[in-house]
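[1] got a sequence here, can you model it:
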Amino acid sequence: MAKQIVVFTMGKQHYAIPMEEVLEIIRLVKITPIPKASRWIKGVISLRSAIIPVLDLAPVLGRATENVNAKQRIMVVKAGDHTAGIIVDAVEEVTFYDPEQLEFPAYLPLLENERLVQGIFKYRDALGLLINLSALVQLDH
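    Next up, the predicted model:
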């Protein structure tokens, strides 16, 4: 049975998060840094009176961190009891994928922490990585 995902980019790479975990997508707002936070936590924002952390997935996914710019977006996501914002370069679309066609080749060293990726999916003429938000919020960096 097909499932909905939100496809987004960071650099030239496509990623996706299951649609049921995405609460909303907002324009980039002022992020307040938190002293001595993990390198992948950019800071916090206030969203309708709620304070939520904003994450930069680049270092977690083994990518170079790029400067934050006004064209980027924040995807507000929820995994379990945790709500967070994720900085993305662009949101491509909401689309469907077939979980049976999701691949995770054991021989492919994608990340230091493989549990962050649920699998690889085909997207247009490229490949994308389906992010496991539950594993992400449990990271202890």
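[2] and residue 52, bridged to which residues?
    Beta-bridge pairing for residue 52 (DSSP bridges): residue 45.
[3] what residue is smack in the middle of the chain?
    Taking Cα atoms, centre = their mean as the criterion, residue 86 is the residue nearest the geometric centre of the chain, at 5.5 Å.
[4] residues contacting it?
    The contact partners of residue 86, taken as Cβ atoms under 8 Å, 6 or more residues apart in numbering, are 17, 54-55, 57, 74-75, 77. C-betas here are computed from N, CA, C, even on glycine.
[5] now residue 116: how far from residue 40?
    In this structure, residue 116 lies at 11 Å from residue 40, with Cβ to Cβ, to the nearest Å as the measure.
[6] if we can go back for a sec, which one of the contacts of residue 86 sits closest to residue 3?
    For the contacts of residue 86, the closest approach to residue 3 (Cβ to Cβ) belongs to residue 17, at 11.2 Å.
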